[in-house]
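Asker: Give me the fold of what follows.
(chains A, B and C)
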Amino acid sequence: MKNIATKLVLVTGLCLNLGFTMISTASAETKVGLLLPYTGTYASLGNAITEGFELAIEEAGRTEEFTIVIEDTEMKPPVGLAKARKLVYQDEVDVIAGVVSSGVLGAMRDFIHQSQVPLIVANAGNNLATGENCSPYIVRVSFSNGQINRPMGTWLSENGVKTIYTLAPDYAAGHQMIDAFTEAFTAAGGEVIGSEFTPFGQTKDFGPYLTNAQASGADGIFVFYAGGEAINFVKQYGSFNIKTPLYGSGFLTSPLYVEAEGDAAIGVRASLHYIPTLDTAENKAFIKAFQAKYNTMPSEYAVQGYDAALALMAAVDNGGVDRATLASQLPHVSYVGPRGPLEIDPATNNIVQNIYIYDTVMENGALTQKIIDTVPAVRDDVAGCQM
Amino acid sequence: MFYQTKLRSITLIAALIFLACYASFGSYFAREIVVEIIILAILAISLDLCAGFGGMVSLCHGAMMGVAAYGFAIMSAKLGWPLFPSALIGLFAAVVFSGLVGWVTSRTNGIFFIMATLAFGQMAYTFFFKSRWLGGDDGFGGISRFDLNMIGLETNDSLVFTYIGLVILLLAYGLTAIVMRSGFGRTLSGIHVNEDRMKALGINTAAHRAKAMAFSGFIAGLAGIIAAQHTLYISPELLIWTTSGEALIVVILGGLGTLVGPIIGAILLVLMKHEISNYTDYWHAFIGLVLIFTVLAGGRGVFGQIEYWFNKLTQKHQSTTKPHGDDHA
Amino acid sequence: MDLSFWILQFLNAMQYSMLLFLLSIGLTVIFGLLHFVNLAHASLYMMGAYIGISVAAMTGSFWAAFFLAPMFVTLIGAVLYFTLIDRMRTAGPMNQVLVTFGLIFVFLDLVRMGWGDIALGLDGPASLSGTTRLLGVDYPAYRLFIIALGLGVMATMWLVLARTQIGAMIRASVENTNMAAALGINVSKLFFLVFCFGCALAGLAGVAAAPILSATTTMGITILIPTLIVVVIGGLGSLEGAIVGSVIIGFMETFGAVMIPSFSAVLTYALLAVVLIWRPQGLIPARG
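Answerer: Next comes the predicted model:
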């Protein structure tokens, strides 16, 4: 009798134990889908964002709590959408993070909205995603194309630049960046006396355009270029010895590849939402951790990934246990991160952040960034967003 | 010359059954993969009819598919027209586009033909890429699938959509097979084998090739409509020459001039790509090596090689030579 | 727009034309002699740039990279020749296109594996940095170097083809391979030599372009189309055709970008279509 009783008690105890463990792991575990390009021209951005994301989870000691499923968008909208569907229906993730290309984001938007899965955008800057095409399920922690450029437009005009010539690649993002800059610059009293869009991805030789820009006689040249095009543009700007000062969206001299631009990048003034030389405790700690783990300086892409993870963890801590609760909590996230103070604007679900005006300078034989000015808490207008 | 041999019919049915089962019993993602295969297979069939039977290797088939997709998307999503007429207009646009390209390039051959089609494909791509009102490179969404609720089919269900895709694949194959069997198809093969002789017979070979391209455009257009309805979104990438390049790889991998080969090739390429990308980001190199190996091994492709062996085996048991499928020059 | 603006744009056009020439001459000569369409030529260009960057990083000298990179690329070309190209010489244009297309993919991932995905830069030599005063404008010295390099290669090739015995052998083989072989010319050795030379030119173009255009994994694919267009417009297999083609395309793209930017992207393709329809053998074909 005693033996059976003991056995019963033991077995019941075991079951209860198992039951508790199962319940606790089930509720503590959040499944995240990382949807980024790992092949193609933007593979380096996908990798940088992943590095930032994984660092944040590891630093917080919560790697057990989050299961990450990685999928490659190949930067193609149909592929990105197919992978998104896989993450939602097959892997049953609680939240998706990532998306570098605005094309992929555009293709995914309706699906995310209809299947009611929260998406943390860690790069794609298309204004419409938090404007006309906004959704309560899409939260952006990176930037919007307008947000980076409006402050530069206003700042330049207020600091003595009267006329500008703009250049950008001829695709949707290029137009949005320049439109935002032009609007703010003209509103503050400046004049854009010339504007050209270069064939996207095909232009390797900016000589003709640089020549045009200089010939216009403008006080400054304002451009948006990123990646390989940025490297080419800045180097060629240097080689032509153009006297007109060069201004840009910070992607022009991004820490990710400014080294390849060499001396030509010195003196270029740009605006960006993150600079590695930001002198705050949070940023210093972030850089130390990033360098220790990856042996390289972080870029704004790495920070976007890092902040995506921080935002997610904050939402989980505030009661986000499934898709619906995560979606309701994410827009209320606010903290001080490596970029400075951050919060999400519930009217658009876009991030509200500082924009830094900086110069690229040479220090101790390496190129680095020197902050000239800070434009605090830049917020996008509602611009047609109805949630 | 095209013959619907038993081997081809069996392979076709086996392939369709395989795809249907994979979609029905596989994971959710399997359906996405099957639709991807269907689109690529239809595009490859349209290319095979030009390249395998007409000797016209084209790099603008992706553009033909894209033109149909955009035509459909513009009429239905932008202008609000009903879906079936929009699809017809999309197909018509593809036919006109490919007919024009075919007509303009009809006097060129070999590498020049390839280059000319590349040029026109890229022109079409640039047109859509630069159109701000179509969203430019970001494209636009708001596309809907056909409403087949009156016959009890819910097209928004991915399994139903996949089955419909398989039906369209069979339709595309069937149509192409019938046309290739007809006088039109035989003339096309004739032009490929010996153009001068065909001209001596009084045939306007340039016009014929243009018509073949136009028909090819129609089939490619079917792929385009499916692609647009699958993603419910459209962007200019369908028209980049690398899409056409992928179709060409599929045709070679499967078997040029067999019409069934492209289907096999599409299945192999897509499955290979997904399997390998689970292990490494460097799957492009693998596909490149497979392509090189396929060409070096005789260029017949997987199905083409199977057919070759099969015919050699069966020929031993026959006294008269039976016409078989690998007699393309 | 004053005169100095036009001079600057003229020099820009010349420099781009010379770069196209360096690439297209290799491709066209290989086709003219070996009847081989080598799409992987663009990949060899890419290898030239990346290898050049590595050599420069190791030796600290641009000139070391400038001379060594083409040699390494020639080596790669020689390996390709013996393993693949020689076998495919008689295989017809479609199979050649396919095989070299496959090679493009292979090289793409090889470069990604070896050098990563981020774009890399190469600094030009200190002696050529800065601008030079020419024709009343300040123009980057390095770009003038490229113009000089292109013109130099052009002159050398013309001299070799027109005035030397080996040039005569090449011209004979291009015009009629069988007859040339019947006359005792070692045609297969000639093929190999010419192929290696073509590869060397591709590698040279890559390392020369790297300081201006930087090295990316897609640089080969991006330059492939303009190069093919130059070769087809100029006429497959002819030196004069490559010169004329690269100058036409170079000037059209440069001035097109400056004067009618919205249409410039289509201009090249439109020209290609026109030439293919009106005169498919090219403007100055190698054989009459």
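
Asker: Let me see the ranges of the helices in chain B.
Answerer: Assigned by DSSP state H, chain B shows helices spanning B:6-25, B:28-48, B:54, B:61-73, B:83-104, B:110-130, B:158-181, B:183-193, B:195-200, B:205-231, B:241-254, B:261-277, B:283-296, B:301-315.

Asker: Just say which of those is most tucked in.
Answerer: Of all the helices of chain B, helix B:61-73 has the most neighbours on average by mean count of other Cβ atoms under 10 Å in any protein chain shown, namely a mean of 30. (Each C-beta comes from the backbone N, C-alpha and C, glycine too.)

Asker: Now do it against helix B:241-254, angle only.
Answerer: With axes from the mean of the first three to the mean of the last three Cα atoms, to 10 degrees applied, the angle from helix B:61-73 to helix B:241-254 works out at 120 degrees.

Asker: now the angle between helix B:28-48 and helix B:61-73, please.
Answerer: 110 degrees.

Asker: Report the distance from helix B:61-73 to the chain centre.
Answerer: 13 Å (Cα atoms, centre = their mean, to the nearest Å).

Asker: check whether it contacts chain C.
Answerer: No - applying Cβ under 8 Å from any Cβ of the partner chain, one finds helix B:61-73 separated from chain C by no less than 11.5 Å.

Asker: Could you name the helices and strands sitting against that helix?
Answerer: helix B:28-48, helix B:83-104, helix B:110-130, helix B:205-231, strand B:233-234, helix B:241-254 (3 or more Cβ pairs under 8 Å, 6 or more residues apart in numbering or on different chains; DSSP states H and E).

Asker: by contact count, what packs against the first one?
Answerer: Contact here means 3+ Cβ pairs under 8 Å, 6+ apart; on that basis helix B:28-48 packs against helix A:77-85, helix B:6-25, helix B:61-73, helix B:158-181, helix B:205-231, helix B:241-254, helix B:261-277.

Asker: 7 Å - rerun?
Answerer: Helix B:28-48 sits against helix B:6-25, helix B:61-73, helix B:158-181, helix B:205-231, helix B:241-254, helix B:261-277, with contacts defined as 3 or more Cβ pairs under 7 Å, 6 or more residues apart in numbering or on different chains; DSSP states H and E.

Asker: Make TSV from the ones you listed and add mean pLDDT to it.
Answerer: TSV is the format used below for the helices and strands packed on helix B:28-48 (pLDDT from 0 to 100):
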stretch	mean pLDDT
helix B:6-25	92
helix B:61-73	94
helix B:158-181	92
helix B:205-231	93
helix B:241-254	90
helix B:261-277	92
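
Asker: Distance to A:Tyr358 added to the ones you listed, as CSV?
Answerer: Shown next, in CSV, are those (distance: least, Cβ to Cβ, whole Å):
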stretch, distance to A:Tyr358
helix B:6-25, 53
helix B:61-73, 42
helix B:158-181, 48
helix B:205-231, 40
helix B:241-254, 38
helix B:261-277, 38
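
Asker: Out of these, which is closest to A:Ser216?
Answerer: Each of those has some distance to A:Ser216 by Cβ to Cβ; the shortest is helix B:241-254, at 35.5 Å.

Asker: which ones are touching A:Thr63?
Answerer: A:Ile57 (Cβ atoms under 7 Å, 6 or more residues apart in numbering or on different chains).

Asker: How about B:Phe120?
Answerer: When contacts are counted by Cβ under 7 Å, 6+ apart, B:Phe120 touches B:Cys60, B:Ala63, B:Val101, C:Ala273.

Asker: List the single closest residue to A:Ile372 in space, sequence neighbours excluded.
Answerer: What sits nearest to A:Ile372 in space, not counting adjacent residues and going by Cβ to Cβ, 6 or more residues apart in numbering or on different chains, is A:Ile357, at 4.8 Å.

Asker: List the residues that contact residue 259.
Answerer: In the absence of a named chain, this looks at chain A. A:Leu367.

Asker: pull the CA atoms of the helix or strand hosting it into CSV?
Answerer: If you go by DSSP states H and E, A:Glu259 is part of helix A:258-261. Taking Å, rounded to 0.1, in the frame of the first residue of the first chain, the C-alpha atoms of helix A:258-261 are listed here in CSV:
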residue,chain,number,x,y,z
VAL,A,258,33.4,55.4,-44.8
GLU,A,259,36.9,53.9,-44.6
ALA,A,260,36.7,52.8,-48.3
GLU,A,261,36.1,56.5,-49.2
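
Asker: Can you point out the buried residues in that helix?
Answerer: Buried residues in helix A:258-261, counted by 16 or more other Cβ atoms under 10 Å in any protein chain shown: A:Val258, A:Ala260, A:Glu261.

Asker: quick one: which of those is nearest chain B?
Answerer: Using Cβ to the nearest Cβ, A:Ala260 comes nearest to chain B of the buried residues of helix A:258-261, at 21.8 Å.

Asker: Show the model's pLDDT score for A:Thr21.
Answerer: A:Thr21 is assigned a predicted lDDT (pLDDT) of 42.

Asker: And for the one 3 residues further on?
Answerer: On pLDDT, A:Ser24 comes in at 42.

Asker: need the contact list for C:Phe62.
Answerer: C:Ala56, C:Asp123, C:Gly124, C:Pro125.

Asker: which among those gets closest to C:Met14?
Answerer: The closest of these, once distances to C:Met14 are taken by Cβ to Cβ, is C:Gly124, at 17.6 Å.

Asker: Could you report the neighbour count for the closest one?
Answerer: Residues within reach of C:Gly124, counting by other Cβ atoms under 10 Å in any protein chain shown, total 24.

Asker: Hmm, it is touching C:Pro211, no?
Answerer: Yes - C:Gly124 lies in contact with C:Pro211 (Cβ atoms under 7 Å); the separation is 3.9 Å.

Asker: Give the residues shared as contacts by those two.
Answerer: With contacts defined as Cβ under 7 Å, 6+ apart, the residues shared by C:Gly124 and C:Pro211 are C:Tyr142.

Asker: Stretch A:177-185 vs chain C: in contact?
Answerer: No - shown here: stretch A:177-185 not in contact with chain C (Cβ under 7 Å from any Cβ of the partner chain), separated by at least 13.6 Å.

Asker: ok so, going back, list, out of the contacts of C:Phe62, those positioned next to chain A.
Answerer: Answer for those near chain A (Cβ under 7 Å from any Cβ): C:Asp123.

Asker: Of the contacts of C:Phe62, just say which sits nearest to chain A.
Answerer: Among the contacts of C:Phe62, and counting by Cβ to the nearest Cβ, the member closest to chain A is C:Asp123, at 5.6 Å.

Asker: Thought A:Ala264 was touching the closest one, still the case?
Answerer: No - C:Asp123 is beyond contact range of A:Ala264, at 9.8 Å (criterion: Cβ under 7 Å).

Asker: neighbour count winner among these two?
Answerer: Using other Cβ under 10 Å as the criterion, C:Asp123 and A:Ala264 rank with A:Ala264 on top: 23 against 17.

Asker: Wait, that one touches A:Phe233, no?
Answerer: No - in this structure, A:Ala264 is not within contact of A:Phe233 by Cβ under 7 Å, at 9.3 Å.

Asker: Please name the nearest non-neighbouring residue to whatever residue of chain A ends up closest to chain C.
Answerer: Closest approach between chain A and chain C, counting by Cβ to the nearest Cβ: A:Ala260, at 3.3 Å. Distances taken as Cβ to Cβ, 6+ apart place C:Gly121 nearest to A:Ala260, at 3.3 Å, with adjacent residues excluded.

Asker: That neighbour: how many residues sit nearby?
Answerer: Neighbours of C:Gly121 (other Cβ under 10 Å): 23.

Asker: Can you name the residues that contact the nearest residue to B:Gly110 once chain neighbours are set aside?
Answerer: Excluding the flanking residues, the one nearest B:Gly110 by Cβ to Cβ, 6+ apart is C:Pro93, at 4.9 Å. For C:Pro93, the contacting residues are B:Gly110, B:Ile111, C:Val37, by Cβ under 7 Å, 6+ apart.
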